[in-house]
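Novice: Requesting a structural model of the entry that follows:
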Amino acid sequence: MKIVLQRVGQAHVMVDGVEVGRIGRGLCLLVGIEKGDTAADVEKLARKSAELRVFPDGQGKMNLSVAEAGGSILAVSQFTLAGSTDRGRRPSFDEAEEPARAAELFRTFVENLRGRGLAVSTGVFQAMMMVHIENDGPVTFILDSR
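Specialist: All right, here's what the predicted structure looks like:
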């Protein structure tokens, strides 16, 4: 499981011209589910996303989690994170999890975050989405459960 985690001033996602999710200050999580990912991977990265201290404290140091900073999360499934560009010019998605299993793990991930008391908006699984991200910092991290 891979996540591109970005601290944002705001973010929203559109499907067919309709806004389906929006947050103010918080985290935008682009989530890729790979073959072999398990509930343990989901738990590990949900905990890491929720607890990672990437928001500034009173002294301007990255010392607060998203919850401590009063932020929320926009989680967007992005299977291309499981892609490989090792060979040729066309990415291979052989390591991306099958859609039904990936959808189940993504839902579990979102439920895990919500279970931690976080407000979470999402995109639409398998839809073509326009994700608008106002990266704050910019602050971007790549999380990998492996």
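
Novice: Longest strand in this structure, please.
Specialist: With DSSP state E setting the assignment, residue counts place strand 129-144 as the longest strand in the chain.

Novice: outside of it, which residues touch it?
Specialist: Residues outside strand 129-144 that contact it (C-beta atoms under 8 Å, 6 or more residues apart in numbering) are 1-15, 20, 25, 28, 30, 45, 48-49, 52, 54, 62, 74, 76, 123. The C-beta positions use only the backbone N, C-alpha and C, and glycine is treated the same way.

Novice: Just list the residues touching the residue nearest the centre of the chain, thanks.
Specialist: In the chain, the residue lying closest to the centroid (C-alpha atoms, centre = their mean) is Leu29, at 1.9 Å. Contacts for Leu29 (C-beta under 8 Å, 6+ apart) come out as Ile3, Val4, Leu5, Gln6, Ser49, Ile73, Leu74, Ala75, Val76.

Novice: Pick out whichever of these sits closest to Gly36.
Specialist: Looking at the contacts of Leu29 and their distance to Gly36, the nearest is Ile3, at 16.1 Å (C-beta to C-beta).

Novice: Does that closest one touch Ser49 like I think?
Specialist: Yes: at 6.5 Å, Ile3 and Ser49 qualify as touching, with contact defined as C-beta atoms under 8 Å.

Novice: May I see the buried residues of the longest strand of the chain?
Specialist: For strand 129-144, burial by neighbour count (16 or more other C-beta atoms under 10 Å) applies to Met129, Ile133, Asp136, Leu143.

Novice: export it as PDB, just CAs?
Specialist: Output of strand 129-144 as PDB, limited to C-alpha atoms (Å, rounded to 0.1, in the frame of the first residue of the first chain):
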ATOM      1  CA  MET A 129     -11.700  12.500 -11.000                       C
ATOM      2  CA  MET A 130     -10.300  16.000 -11.000                       C
ATOM      3  CA  VAL A 131      -8.500  16.500  -7.700                       C
ATOM      4  CA  HIS A 132      -7.800  20.100  -6.800                       C
ATOM      5  CA  ILE A 133      -5.000  20.400  -4.200                       C
ATOM      6  CA  GLU A 134      -3.700  23.500  -2.500                       C
ATOM      7  CA  ASN A 135      -0.400  22.100  -1.200                       C
ATOM      8  CA  ASP A 136       0.600  23.900   2.000                       C
ATOM      9  CA  GLY A 137       4.400  24.300   2.300                       C
ATOM     10  CA  PRO A 138       4.700  22.400   0.000                       C
ATOM     11  CA  VAL A 139       4.700  19.500   2.400                       C
ATOM     12  CA  THR A 140       4.500  16.000   0.700                       C
ATOM     13  CA  PHE A 141       5.500  12.600   2.000                       C
ATOM     14  CA  ILE A 142       5.300   9.100   0.400                       C
ATOM     15  CA  LEU A 143       4.200   6.400   2.800                       C
ATOM     16  CA  ASP A 144       4.700   2.700   1.900                       C
END
